[in-house]
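Chemist: fold the following, please.
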Amino acid sequence: ISFDRASYNIGDTVLMSIQTTVPNIFVDIDASIASGGKGYSGSTSLTTDTKGEISYKFPVSSSTPDGIYKVNAKTNVPGCDAVSSSNSITINSGGGYCGDKLCNNKESSNTCPTDCGDVGDGYCPSSKTCSDGKTMPCDKYLGTCHCAPCEFDPGRVPPGCTQSSDSSTAVLRVNCDLSCPPPPSDISVLKQKCIDNGGNPTLKTTYNGCNYFDCNFADEENFYTGPDRCFTEKELEEVNAKCTKLGLPIKIKVHGDCKIASCTQKEENTRCAVILSSERKSIESECKLQGLQLIKKFDEKGCQRLKCGTPDDCDKELPEAAYNDCSLKGGEIIVKKDVNDCITSTKCITPSDERDDAIGDISVLPSKAELTHVALELTEVSIELEKLTEEANKIKDYYGSTDSPKEEIWSRVVSALQTMSKRIEEIQNDLRDIVDSDEITKDNVLTVKASLIGVSNAFDDVLYLMLSSKIEADVREEKECETADECFDRAFRICQPTSFSPDQNTNVKITGLEDGKCILEAELDEKAAPPEGTIPGVGPPYTMTCNVEDYALGIDNPETSIFPYCEGSMLELVKYYKTQESPKIQEQEQIDEEAISEEQAYIPVTGQVIAYLEANHGPRNCVGKLECTKICDKEPYTCIGYIDSWLRTNSGPGGVRSIAELNNFCSSNKEICKEWLLSRGITLQELQQSKSYSTGPITGFAIRR
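Modeler: Purely as a prediction, here's the structure:
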């Protein structure tokens with residue numbers, strides 16, 4: 001073993017040569033600091049070239065431990081007897097070594113007790129000094145010393161962004177003001193194209209309050225019952241073609257086995273590509289051949305890229321685009337640094353957005369082998385989740401023992417990880433069923449894909465819970481979602497106290513976490529409720545309380561995600577109305593009045609409702625049959641309240657002044673009620689159609705002429 005010199009300083013490159021008589025063999029090399037008592041050691045394996053030689057070099061930086069290095073080499077190849085198997089060099093770096101009174105991420109109480117202390121009694125300095133002279137605090141947490149990272153150069157952080165360094169998590173946080181992406185410049189053209197293609201143009205609101213354009217081809221989802229209908233595979237293809245015409249990506253949402261699709265505004269992709277372990281190993285091997293180290297660099301969006309270089313080549317500042325991209329989602333940039341203030345990782349964290357759940361279309365179906373591979377990969381993910389859950393439980397218990405408010409946050413983390421593990425097991429079972437059945441269809445692959453994305457989004461929520469500086473306020477301060485379903489769903493995923501009104505007569509609240517369950521309360525305004533006695537044994541006040549355990553994946557379908565965990569009179573009301581299918585508007589046909597027999601004549605019974613319009617003005621200011629029918633399909637309680645209020649002001653057939661009187665009167669005066677409805681514009685077809693609905697709300701409309 002030989003070196004090009006005996007002593008090296010910062011900025012020098014150490015050049016080591018090893019000569020043997022055997023080509024293409026492995027040589028194990030270990031190095032340790034022989035004097036100074038600084039406890040450093042390291043090892044590597046290198047391969048001789050065709051001449052039996054090895055040339056290896058590495059740079060000296062401030063992070064290279066200094067001292068006198070003793071370097072040894074050995075090989076197990078028979079007949080390869082060493083002439084000289086060791087040598088020594090001196091490195092004068094002056095830092096980053098055992099004995100600098102800073103327990104860094106390469107040291108522990110076992111390898112460097114002078115810095116990290118003995119097990120259970122480790123040394124941790126009270127602070128460290130940054131290159132700008134600023135002092136950052138250090139804390140010992142769960143037996144490990146953490147120092148708050150040095151902040152970025154304030155002159156390179158964009159206006160509207162603030163940074164804070166945290167010693168408890170050893171991360172640097174950067175918060176930037178929310179910057180909502182603008183609507184499409186041609187939004188008026190898009191709206192008309194959407195209508196021309198049979199769609200309904202809307203502006204939807206995200207969790208953070210930003211709006212985005214959406215062209216949907218189905219009625220808005222009912223909070224109580226989910227999607228109005230499911231799309232067939234052919235309909236999904238038709239929507240995809242319409243989205244292409246609009247120049248917008250297709251968005252497919254999956255609710256169990258039900259799929260609905262729309263065309264939505266393009267979203268800036270803020271996610272970074274995953275670096276595979278195989279890719280990392282390949283680059284690392286290439287770096288060794290060049291005598292360089294594997295270093296982390298970050299592109300214009302703040303995404304990690306692996307390159308070969310020296311430790312001094314590291315990034316110490318983020319590009320401006322990284323701040324801008326994160327602010328578009330109202331996110332928070334989390335940065336980890338090493339002891340030399342080099343960035344080692346960065347991520348924009350935010351609660352997953354409603355659009356994150358949507359998936360694109362599938363052009364090529366995977367093979368059985370590919371699906372089997374996914375199932376095997378999920379096994380590894382399950383193992384890692386189990387480890388994470390165990391660690392999260394320890395942290396939760398630690399905060400619990402100190403009566404810290406963070407225990408509540410880590411309870412959410414544990415619950416989310418457990419829910420993710422359950423869902424992954426379900427996905428694996430689905431994959432096995434698909435492979436065993438030999439039926440790989442677009443439908444079942446879309447379902448699996450949506451489930452995988454749901455787990456990925458849940459993990460984003462976990463990171464937000466663990467690392468965000470906003471989370472303590474989020475789990476205590478009530479959020480107002482008004483009528484936005486998507487906003488409520490996101491708040492539900494982290495059990496954030498929230499108020500929500502799915503319609504103007506219903507109030508829903510998330511009150512918080514209790515015994516690991518998310519508590520949800522709902523109440524229906526009695527003025528909008530059906531008359532007492534509509535449902536035998538169920539009467540006002542109409543309320544329900546839900547204790548939901550698996551809330552981390554959001555509200556897939558209220559019937560499976562929420563209602564099984566609820567109790568109360570309002571739940572019975574929801575169940576009752578769920579059993580009543582709403583009539584569909586069909587093509588108007590002329591039907592002879594005599595075609596309706598005595599038995600077919602409309603007979604209002606307990607629970608039936610006829611909603612009608614006064615001067616073309618109905619519930620929620622709707623105009624026209626189609627618009628008002630949609631309102632009543634989605635919000636039956638709103639229509640009930642409207643009808644009852646109208647009757648009290650105007651009176652109905654026979655002078656009735658309430659829904660209760662209407663039911664009683666029409667039960668024994670069916671012809672009078674029928675003629676009254678016909679005189680107000682309801683058609684015979686609608687009356688005939690209503691006959692099949694002997695109970696439940698009838699959302700037909702009589703327009704006053």
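Chemist: what's near enough to touch the nearest residue to residue 395 once chain neighbours are set aside?
Modeler: With sequence-adjacent residues excluded and distances taken as C-beta to C-beta, 6 or more residues apart in numbering, residue 395 is closest to residue 410, at 5.3 Å. C-betas here are computed from N, CA, C, even on glycine. By C-beta atoms under 8 Å, 6 or more residues apart in numbering, residue 410 lies in contact with 392, 395-396, 399, 465-466.
Chemist: kindly recompute the last result at 6 Å.
Modeler: 395-396, 399 (C-beta atoms under 6 Å, 6 or more residues apart in numbering).
Chemist: ok, these vs residue 553, which is closest?
Modeler: Distance ranking of the contacts of residue 410 against residue 553, using C-beta to C-beta, places residue 396 first at 20.1 Å.
Chemist: okay, buried residues for the one helix or strand that closest one maps to please.
Modeler: Applying DSSP states H and E as the criterion places residue 396 in helix 368-401. In terms of neighbour count (16 or more other C-beta atoms under 10 Å), helix 368-401 has its buried residues at 371, 375, 378, 381, 385, 388-389, 392-393, 395-396, 399.
Chemist: that one packs against which elements?
Modeler: helix 406-437 (3 or more C-beta pairs under 6 Å, 6 or more residues apart in numbering; DSSP states H and E).
Chemist: in the helix it packs on, what counts as buried?
Modeler: Buried, per 16+ other C-beta under 10 Å, within helix 406-437: 406-421, 423-424, 427-428, 430-431, 434-435.
Chemist: now swap in stretch 1-19 and tell me
Modeler: Result for stretch 1-19 [16+ other C-beta under 10 Å]: buried residues 1, 3, 8, 10, 12, 14, 16, 18.
Chemist: quick one: mean pLDDT for it?
Modeler: For stretch 1-19, the mean pLDDT works out to 86.
Chemist: equivalent analysis for stretch 525-538, please.
Modeler: pLDDT averaged over stretch 525-538 gives 72.
Chemist: same check, this time on stretch 456-468
Modeler: Stretch 456-468 comes out with an average pLDDT of 87.
Chemist: repeat that for stretch 77-91.
Modeler: Stretch 77-91 comes out at a mean pLDDT of 76.
Chemist: quote the end-to-end distance of it.
Modeler: 31 Å (C-alpha to C-alpha, to the nearest Å).
Chemist: list the contacts for the nearest residue to residue 469 once chain neighbours are set aside?
Modeler: Nearest residue to residue 469 in three dimensions, chain neighbours excluded: residue 173, at 5.2 Å (C-beta to C-beta, 6+ apart). Contacts for residue 173 (C-beta under 6 Å, 6+ apart) come out as 164, 332, 469.
Chemist: how about 8 Å then?
Modeler: Residue 173 makes contacts with 163-166, 332-335, 467-469, as judged by C-beta under 8 Å, 6+ apart.
Chemist: may I see the residues you listed organised as CSV, with neighbour count, secondary structure and distance to residue 670 added?
Modeler: Shown next, in CSV, are these (neighbours: other C-beta atoms under 10 Å; DSSP: H, G, I helix; E, B strand; the rest coil; distance: C-beta to C-beta, whole Å):
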residue, neighbour count, secondary structure, distance to residue 670
163, 16, strand, 74
164, 12, strand, 72
165, 21, strand, 76
166, 18, strand, 72
332, 21, strand, 64
333, 24, strand, 68
334, 23, strand, 68
335, 22, strand, 73
467, 16, helix, 66
468, 21, coil, 62
469, 16, coil, 66
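Chemist: looking at the buried residues of stretch 1-19, which is nearest residue 495?
Modeler: residue 10 (51.3 Å).
Chemist: might one say that the closest one is in contact with residue 310?
Modeler: No - with contact defined as C-beta atoms under 8 Å, residue 10 does not count as touching residue 310 (11.0 Å).
Chemist: which neighbours do the two have in common?
Modeler: residue 61.
Chemist: got the end-to-end distance for stretch 132-150?
Modeler: Across stretch 132-150, first to last residue, C-alpha to C-alpha, it's 9 Å.
Chemist: meant to ask about stretch 557-570, not that
Modeler: Using C-alpha to C-alpha, the two ends of stretch 557-570 sit 18 Å apart.
Chemist: could you pull out the buried residues of it?
Modeler: Going by 16+ other C-beta under 10 Å, stretch 557-570 has these buried residues: 557-559, 561-563, 565-566, 568-570.
Chemist: can you list the neighbours in contact with that stretch?
Modeler: So stretch 557-570 is contacted by 223-226, 255-256, 258, 517, 520, 522-524, 538-550, 553-555, 571, 574-575, 578 (C-beta under 8 Å, 6+ apart).
Chemist: list phi and psi for residue 480.
Modeler: phi -110, psi 110 (degrees, to the nearest 10).
Chemist: could you do the one 4 residues further on as well?
Modeler: Here the main-chain torsion angles of residue 484 (degrees, to the nearest 10) amount to phi -80, psi 110.
Chemist: please apply the same query to residue 506.
Modeler: Main-chain torsions, residue 506, degrees, to the nearest 10: phi -120, psi 130.
Chemist: again, but for residue 468
Modeler: Torsion angles, degrees, to the nearest 10, at residue 468: phi -70, psi 140.
Chemist: check contacts around it.
Modeler: 173, 332, 349, 474.
Chemist: can you pull the contacts of residue 491?
Modeler: 207, 479, 481, 498, 500, 510.
Chemist: residue 54 now?
Modeler: Per C-beta under 8 Å, 6+ apart, neighbours of residue 54: 16-20, 27, 46-48.
Chemist: now it: how far from residue 232?
Modeler: As judged by C-beta to C-beta, to the nearest Å, residue 54 and residue 232 stand 65 Å apart.
Chemist: got it, and residue 550?
Modeler: In terms of C-beta to C-beta, residue 550 sits 30 Å off from residue 232.
Chemist: more neighbours: which of those two?
Modeler: Higher neighbour count among residue 550 and residue 232: residue 550, with 17 against 11, using other C-beta atoms under 10 Å.
Chemist: would you agree the more buried one falls within a helix?
Modeler: No - looking at residue 550 with DSSP: H, G, I helix; E, B strand; the rest coil, it is coil, so not inside a helix.
Chemist: I figured it hits residue 422, correct?
Modeler: Yes - Residue 550 is within contact range of residue 422, at 6.9 Å (criterion: C-beta under 8 Å).
Chemist: pLDDT value on the residue nearest to residue 395, please?
Modeler: So residue 410 comes in at 91 (pLDDT).
Chemist: for it, give its distance to residue 210.
Modeler: Relative to residue 210, and taking C-beta to C-beta, residue 410 is found at 29 Å.
Chemist: need the contact list for the closest residue to residue 550 other than its chain neighbours.
Modeler: Leaving out its chain neighbours, the residue that sits closest to residue 550 by C-beta to C-beta, 6+ apart is residue 419, at 4.6 Å. Shown in contact with residue 419 (C-beta under 8 Å, 6+ apart): 458, 550-553.
Chemist: how about a cut-off of 10 Å?
Modeler: The neighbours of residue 419, taking C-beta atoms under 10 Å, 6 or more residues apart in numbering as the test, are 455, 458, 493, 549-553.
Chemist: kindly reformat these as a markdown table containing distance to residue 78.
Modeler: A markdown table is the format used below for the contacts of residue 419 (distance: C-beta to C-beta, whole Å):
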| residue | distance to residue 78 |
| --- | --- |
| 455 | 52 |
| 458 | 55 |
| 493 | 62 |
| 549 | 63 |
| 550 | 61 |
| 551 | 64 |
| 552 | 59 |
| 553 | 59 |
